[in-house]
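**Q** need the 3D shape of this:
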Amino acid sequence: MNTAELDDFMALNDQLSALIEAGVPIGVGQEIPDRDLPAMLSRINASVARRVSRGESVEEALEADGAVPEWYRNLIVSGLRSDDMDGALRGFSRVANSAEESSFVTESAVFYPLVVCGLAYLGMVGFCLFFVPRLESAYASFGLQPGTGLAVLRKLRDALPIWIAAPPMLLLLAIVWRYRRRMHRVSSAGNGSGLLAAVSGTKKAMFQQRCSYFAESLASLVEGNLPLEKALGLAAGVCGEPSLADGARSAAASISSSLPEGARGEDSNWLPPFMRWALFRSEPTVGRKRALRMAADLYRESARHSMRRARIIAPIIGLVLLGGSATLLYGLALFVPVVQMLKAVASVH
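**A** Numbers count the residues shown, from 1 in each chain. Have a look, this model is predicted:
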């Protein structure tokens with residue numbers, strides 16, 4: 001029995017449990033709510049300890065337990081093979097924190113536009129209750145037929161009992177959904193997705209952060225003298241990025257093939273260009289291990305730059321799209337009926 005290996009495994013699970021209790025996100029591409037992870041870790045601890053007492057290794061015990069999630073198994077095996085469990089956990093947690101930050105940037109960008117939309121909603125209610133009757137009186141005093149703008153406002157006023165409660169109810173549902181999502185948080189690979197995330201750059205920052213973790217994990221595994229073909233599968237299993245996993249599988253297939261060294265990786269189009277260079281063309285120059293460390297640093301710095309830029313761009317985009325649209329509709333509701341009335345008065349006189 002490898003007692004030191006088992007001790008490292010138990011220590012890592014204790015760290016994971018402590019991070020969960022502290023509210024720190026730790027999952028990357030996993031579909032288990034954080035509140036259920038402590039129970040899962042306790043069950044895995046008991047199962048692995050029982051199998052190790054029979055002479056199995058920790059890796060064999062995890063492979064034999066079909067209930068162990070793939071992302072967790074890859075994390076443990078990656079830490080054991082690289083002989084750096086703390087480093088594996090730090091990188092794992094770093095990506096999860098980046099996913100949390102990406103979600104925060106995207107959601108906070110909607111706050112000010114929602115304030116503007118709320119003010120426009122209150123103004124529209126005021127229009128229906130106070131402005132429309134005054135405008136109708138003005139049209140009647142001049143003997144004019146109501147224009148399109150006033151007709152639309154009339155329909156909104158008549159339907160006021162129907163739609164007046166809709167925005168507050170939608171806002172309440174959104175708050176409840178957000179609260180339940182935080183209570184049953186699942187750190188999945190979809191974090192950082194969506195149109196706003198893609199346009200603002202948070203999606204790009206998440207991809208770069210996962211590339212950094214992938215390269216760093218792969219470098220640690222290669223330094224631990226693990227064959228590159230196996231190291232690719234383990235590193236891809238914990239990075240939480242499907243495109244990287246596809247690229248890693250393609251790269252592993254080209255390594256196991258009979259292709260010459262210079263032709264390997266040509267079909268690994270899912271891998272970013274610098275990652276392909278670090279894997280397949282860096283050995284004659286700086287060496288694969290150093291190149292992967294360089295790639296990890298490069299992608300990590302790029303992720304930080306993209307996230308800093310997204311913190312500025314995302315609120316601007318949200319304010320222009322949502323806030324600008326609400327302000328435009330509010331202005332049209334105010335000025336179109338008045339302009340039509342003045343035009344009609346001018347044509348009469």
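
**Q** just for this protein, where's the confidence low?
**A** Scanning the chain for pLDDT under 70 picks out 1-4, 22-36, 83-89, 92-93, 181-194, 196, 256-270, 348-349.

**Q** so in it, which helix runs the longest?
**A** helix 288-318 (DSSP state H).

**Q** by contact count, what packs against that helix?
**A** If contacts are counted by 3 or more C-beta pairs under 8 Å, 6 or more residues apart in numbering; DSSP states H and E, helix 288-318 sits against helix 85-108, helix 111-126, helix 195-200, helix 202-223, helix 273-280. From N, CA and C alone the C-beta is placed, and that goes for glycine too.

**Q** make CSV from those and add mean neighbour count and distance to Arg293 to it.
**A** CSV is the format used below for these (neighbours: other C-beta atoms under 10 Å; distance: least, C-beta to C-beta, whole Å):
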stretch, mean neighbour count, distance to Arg293
helix 85-108, 20, 12
helix 111-126, 16, 39
helix 195-200, 18, 29
helix 202-223, 25, 5
helix 273-280, 20, 9
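
**Q** and of the ones you listed, who's closest to Leu322?
**A** Nearest to Leu322, of all those, is helix 111-126, at 3.4 Å by C-beta to C-beta.

**Q** now do the next helix or strand after that closest one and helix 111-126, the angle between them.
**A** Per DSSP states H and E, helix 111-126 leads on to helix 132-141 as the next helix or strand towards the C-terminus. Orientation of helix 132-141 against helix 111-126 (axes from the mean of the first three to the mean of the last three C-alpha atoms, to 10 degrees) gives an angle of 50 degrees.

**Q** immediately after helix 132-141, which helix or strand?
**A** Taking DSSP H and E, what comes next after helix 132-141 is helix 148-158.

**Q** contacts for that next one?
**A** 124, 127-129, 131-132, 135-136, 139, 146, 163, 332-333, 336-337, 339-341 (C-beta atoms under 8 Å, 6 or more residues apart in numbering).

**Q** swap the cut-off to 6 Å and go again
**A** 128, 132, 135, 336-337, 340 (C-beta atoms under 6 Å, 6 or more residues apart in numbering).

**Q** out of those, who's the most crowded?
**A** Pro337 (26 neighbours; other C-beta atoms under 10 Å).

**Q** quickly find the element holding that one.
**A** Assessed by DSSP H and E, Pro337 sits inside helix 324-348.

**Q** how about that helix: buried residues?
**A** 326-327, 330, 333-334, 336-337, 340-341, 344 (16 or more other C-beta atoms under 10 Å).

**Q** by how many degrees do that helix and helix 148-158 diverge?
**A** Orientation check (the same axes, to 10 degrees): helix 324-348 against helix 148-158 gives 120 degrees.

**Q** show residues contacting helix 324-348.
**A** For helix 324-348, contacts defined as C-beta under 6 Å, 6+ apart pick out 116-117, 120, 123, 127, 135, 142, 144, 147, 149-150.

**Q** and of the helices and strands packed on helix 288-318, who's closest to His305?
**A** Comparing the helices and strands packed on helix 288-318 by C-beta to C-beta, helix 202-223 comes nearest, at 8.2 Å.

**Q** in terms of secondary structure, what does the closest one contact?
**A** Judged by 3 or more C-beta pairs under 6 Å, 6 or more residues apart in numbering; DSSP states H and E, helix 202-223 is in contact with helix 70-82, helix 85-108, helix 228-239, helix 288-318.

**Q** redo that, cut-off 10 Å
**A** Applying 3 or more C-beta pairs under 10 Å, 6 or more residues apart in numbering; DSSP states H and E, we find helix 202-223 packed against helix 70-82, helix 85-108, helix 195-200, helix 228-239, helix 242-256, helix 273-280, helix 288-318.
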